[in-house]
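J.: coordinates only, sequence not included:
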């Protein structure tokens, strides 16, 4: 059996792609990815039309996709996160059909349940053998975990692995098995390593960020969850990383042996693993080279699929066992609904990613955000878009006070007893607006450009176009 | 009023000024002097004035470091700021009682009751510390500035601070003799997390009331070092109980754990309890 | 108070505003560029006009490049620019 083909063009032909089909991509190569653009160019060249692209995320590097949309090659789009460059065009109304946003758990879940069938999955693989066993841990384009690609590999009708590091059969330490793979293509480069993994993100030096991080660590300490067996996920933002650093100091001082760190993994989480703060890291995505190295070399650092990470209707997912998650927000309303999809002017510049999944699963889901950014208050009466419903958010930490969801009286009591500066969220909004002034409401368009699908598959909210 | 930590904020930096009340220090010092270039003195003065006028700093004292009386700016600074009632004026390069009398006279002329904290950062200032501290009722505290002082002493500023030992001792004694507070110089390495702990602990051990900082990162440590410990608080309550009991029983001399309780110990216990109450600390079990 | 020369104040850092004033024949012409124009454009205009009025400036060309400055910051920058550009009295 011969799976190795010479070009993407040949693979496309062999897969029998037709007008109206769905193709899928993962985003482990992030802003350094070449594969989505290479494949879409071939599909366009083949004269295909009316395709749907189901990508786990889209970055600014994927801007050439806009041209395929304009020309009618692509008419459907589904992603968990869309960066500002592509997002702006979508908000301006470039697509007829609304984009579908899912969560990192919802996407593989819907693929598995057949709600979003994939005809052909194109899997960028930093290392692969000729039968399709592949891994992200090795090669010049190493990205670490291939967590988001598993569901695509398992459930797509056809699977094409595209690699720039073809090794002799068998690649022993594979992540995705040859079982699932139809064709393998070797190319010169699947991505630009500079855009795939970042260098180590430095902990913020911004004083406001440090104050929030310190509050966040104290909230976790006071919550009662910080004890042996503790599990934790945090984002890669400056204040979240600083919170992890403060948390690590507390854990080492009190000799607390945590259970696992989860999520997108950064050098700081690796550092906590090595310092003995965790037994294990459960890694769906690596953010930097330290994380890639650790995943490759440390058996206690495990790769997991997005299904295992966060799928809502599997038998269980890791998020269900998570104690604490630290998350960001561009807006949060007085009902604790969080927006991470659109910016203050209503343009798409993000998406839930694992936000809703971890918020739903974790025992304590915490938002860290400054009271205002460039004069824009973080707390509003009503968010432009509900990315994560307020029922899943427990506490908001700002530099001007900590607001606990009234649903969590127990937490409120614990934080009060610890002497933390508590504030009611409506009061926080007023306090902020006394400083910033009250912003004029954004006028939104009249056309739906995106649907936000909750992790269980229900329509949670819609995003309107922006009038310019 | 508790002033464990005082954080310097550059006077022409809006981002720092508007968030100054959230950074955890008991007081902030809006700096119009060293942190502001000569051609931006006007801009910083107006910006700090507006910060005093419009921003709510409840729970955080507002101190302004004006320019020294050797410069053409200090009167303008005071004229612009005093109407908006800063909690204290920090006067840099205070060298003698005369300097205090000069600023006192001008502030009186402007009708201001605001107190002055004298920043002592020259050899002459150190030698005149007691005269400065006792020159006027307006002087509320002395403040040691080690960077300029070591330049004046022609020695190198080190983390260990042997070169400023004498100045530290001298300032504490002078301030206490005059009955005013005394504050220690900032620790300038913002990345040395251990250095700040030992430097602040030393200052506390020498008798300083609190310590200034140029970095928000140091505030938490300084607050912790200058807060009473649970043990201090518990002991203070024991002292007060022993006093009450002795009074009830009509005893004169009292002892606690085999040690005589005299007036200074009682005074210190009262201070500790006042601080504990301000910090929301309760009496522990013992 | 009369603006007799081009003068500026402030910076383009986040939370600050850069304000430039220039002499004008009559009336105030105002140009605003702001990262929060949609939410605060009108408030910024009003603040600038307020400060000019308080300073007694009746004629000026004013250009504001706002990076999300709070009102008290914007006021300070306009006032500083005006004082820097005013004539001898």
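T.: Right, received. Where do you want to start? Worth saying up front: this structure is predicted, and the values here are computed from it rather than measured.

J.: interface residues of the stretch 301-450 of chain A facing chain B?
T.: Proximity of the stretch 301-450 of chain A to chain B, by Cβ under 8 Å from any Cβ of the partner chain, involves residues A:371, A:399, A:400, A:419, A:434, A:435. Backbone N, C-alpha and C define where each C-beta goes, glycine included.

J.: Using neighbour counts, trim these to the buried set.
T.: Neighbour-count burial (16 or more other Cβ atoms under 10 Å in any protein chain shown) applied to those gives A:371, A:399, A:400, A:435.

J.: picking that back up, sort out which one of the residues of the stretch 301-450 of chain A next to chain B lies nearest residue A:254 for me.
T.: residue A:419 (17.9 Å; Cβ to Cβ).

J.: that older thread, out of the residues of the stretch 301-450 of chain A next to chain B, the closest to residue A:207 would be?
T.: Top of the list for closeness to residue A:207, among those and by Cβ to Cβ, is residue A:399 at 8.5 Å.

J.: Return the residues in contact with the closest residue to that closest one other than its chain neighbours.
T.: Once flanking residues are discounted, residue A:399 sits nearest to residue B:22: 3.9 Å by Cβ to Cβ, 6 or more residues apart in numbering or on different chains. Contact analysis of residue B:22 by Cβ atoms under 8 Å, 6 or more residues apart in numbering or on different chains lists A:208, A:211, A:371, A:399, A:400.

J.: what's the neighbour count on residue 57?
T.: You didn't pick a chain, so chain A it is. 24 (other Cβ atoms under 10 Å in any protein chain shown).

J.: switch to chain C, that's the one I care about
T.: A count of nearby residues for residue C:57, using other Cβ under 10 Å, gives 21.

J.: Local confidence estimate at it?
T.: In the predicted model, residue C:57 carries a pLDDT score of 95.

J.: if I look at it, how far off is residue C:40?
T.: Using Cβ to Cβ, to the nearest Å, residue C:57 is found at 22 Å from residue C:40.

J.: and if you look at residue B:248?
T.: Residue B:248 sits 65 Å away from residue C:40, going by Cβ to Cβ.

J.: From the neighbour counts alone, determine which of those two ranks first.
T.: residue C:40 (28 against 8).

J.: I figured that one hits residue A:438, correct?
T.: No. Between residue C:40 and residue A:438 no contact is recorded; they are 9.3 Å apart, counting by Cβ atoms under 8 Å.

J.: Report the two of the contacts of residue B:22 separated the most.
T.: Longest span within the contacts of residue B:22, Cβ to Cβ: A:211 and A:371, 10.9 Å.

J.: Just the pLDDT at the closest residue to chain B within chain C, thanks.
T.: Closest residue of chain C to chain B, Cβ to the nearest Cβ: residue C:72 (3.8 Å). Listed pLDDT for residue C:72 reads 97.

J.: From what I see, it and residue B:52 are in contact.
T.: No. At 9.5 Å, residue C:72 does not count as touching residue B:52 under the criterion of Cβ under 8 Å.

J.: what residues does chain C put near chain A?
T.: Counting by Cβ under 8 Å from any Cβ, the residues of chain C near chain A are C:14-15, C:35-36, C:38-43, C:67-71.

J.: Repeat the analysis, applying 6 Å as the threshold.
T.: Residues of chain C lying close to chain A (Cβ under 6 Å from any Cβ of the partner chain) are C:14, C:35, C:36, C:38, C:39, C:43, C:68.

J.: And the fifth one, which helix or strand is it part of?
T.: Taking DSSP states H and E as the criterion, the element that holds residue C:39 is helix C:37-54.

J.: Can you confirm whether that helix lies near chain B?
T.: No. Using Cβ under 6 Å from any Cβ, helix C:37-54 never reaches chain B; the gap is at least 10.3 Å.

J.: Please work out which residues outside that helix touch it.
T.: By Cβ atoms under 6 Å, 6 or more residues apart in numbering or on different chains, the surrounding residues in contact with helix C:37-54 are A:345, A:437, A:439, A:440, C:32, C:34, C:66, C:71, C:74, C:75, C:78, C:79.

J.: Confirm the last one sits in a helix?
T.: Yes. Using DSSP: H, G, I helix; E, B strand; the rest coil, the assignment for residue C:79 is a helix.

J.: tell me, how many neighbours does the closest residue to residue A:391 other than its chain neighbours end up with?
T.: Leaving aside its chain neighbours, residue A:391 sits nearest to residue A:407 (6.9 Å; criterion: Cβ to Cβ, 6+ apart). Residues contacting residue A:407 under the criterion other Cβ under 10 Å number 14.

J.: Now, the residues of the stretch 301-450 of chain A next to chain B that are in helices?
T.: Within those, residues falling in helices by DSSP state H are A:434, A:435.

J.: now, which of the residues of the stretch 301-450 of chain A next to chain B sits nearest residue A:41?
T.: residue A:371 (45.5 Å).

J.: can I assume that closest one is in contact with residue A:398?
T.: Yes. Counting by Cβ atoms under 6 Å, residue A:371 touches residue A:398, with 4.7 Å between them.

J.: Quick check: which ranges of chain C have low pLDDT?
T.: Applying pLDDT under 70 to chain C picks out residues C:88-89.

J.: Phi, psi for residue A:184 please.
T.: With angles defined as degrees, to the nearest 10, residue A:184 sits at phi -130, psi 130.

J.: Residue A:5 is in contact with that one, correct?
T.: No. When contacts are counted by Cβ under 6 Å, residue A:184 is not listed as touching residue A:5 (7.2 Å).

J.: higher neighbour count, those two?
T.: Comparing residue A:184 with residue A:5 by other Cβ under 10 Å, the one with more neighbours is residue A:184, at 26 against 18.

J.: which ones are touching that one?
T.: Neighbours of residue A:184 in contact, by Cβ under 6 Å, 6+ apart: A:3, A:4, A:128, A:130, A:132, A:161.

J.: Run through the residues of chain C sitting next to chain B.
T.: Counting by Cβ under 6 Å from any Cβ, chain C comes close to chain B at C:9, C:15, C:16, C:70, C:72, C:73, C:75, C:76, C:79, C:80.

J.: one more time with 8 Å, if that's ok
T.: Residues of chain C lying close to chain B by Cβ under 8 Å from any Cβ are C:9-10, C:13-16, C:69-73, C:75-77, C:79-80, C:83-84.

J.: gap between the helix or strand where residue B:247 lies and the chain center?
T.: According to DSSP H and E, residue B:247 maps onto helix B:230-248. Mean-position distance between helix B:230-248 and its chain equals 28 Å (Cα atoms, centre = their mean, to the nearest Å).

J.: Could you do stretch B:263-270 as well?
T.: 22 Å.

J.: Span of stretch B:133-143 from start to end?
T.: End-to-end distance for stretch B:133-143: 10 Å, by Cα to Cα, to the nearest Å.

J.: For it, buried residues please.
T.: For stretch B:133-143, burial by neighbour count (16+ other Cβ under 10 Å) applies to B:133, B:134, B:135, B:136, B:138, B:139, B:140, B:141, B:142, B:143.

J.: Closest to chain A out of the residues you listed?
T.: Distance to chain A across the buried residues of stretch B:133-143 (Cβ to the nearest Cβ) is lowest for residue B:143, with 21.8 Å.

J.: rewinding a little: can you tell me which residues contact the residue of chain C closest to chain B?
T.: Counting by Cβ under 8 Å, 6+ apart, residue C:72 touches B:18, B:50, B:51, B:53, B:54, B:55.

J.: Mind checking what secondary structure it has?
T.: What three-state DSSP gives for residue C:72 is helix.

J.: What of residue B:270?
T.: Looking at residue B:270 with three-state DSSP, the answer is helix.

J.: ok so, going back, drop anything exposed from the residues of chain C next to chain A.
T.: Among the residues of chain C next to chain A, those buried by neighbour count (16+ other Cβ under 10 Å) are C:35, C:36, C:38, C:39, C:43, C:68.

J.: Now for these: which two are most distant?
T.: Spatially, the most separated pair among these is C:35 and C:43, at 13.6 Å (Cβ to Cβ).

J.: Just give me the residue closest to the centre of chain B.
T.: By Cα atoms, centre = their mean, chain B has its centre lying nearest to residue B:183, at 4.0 Å.
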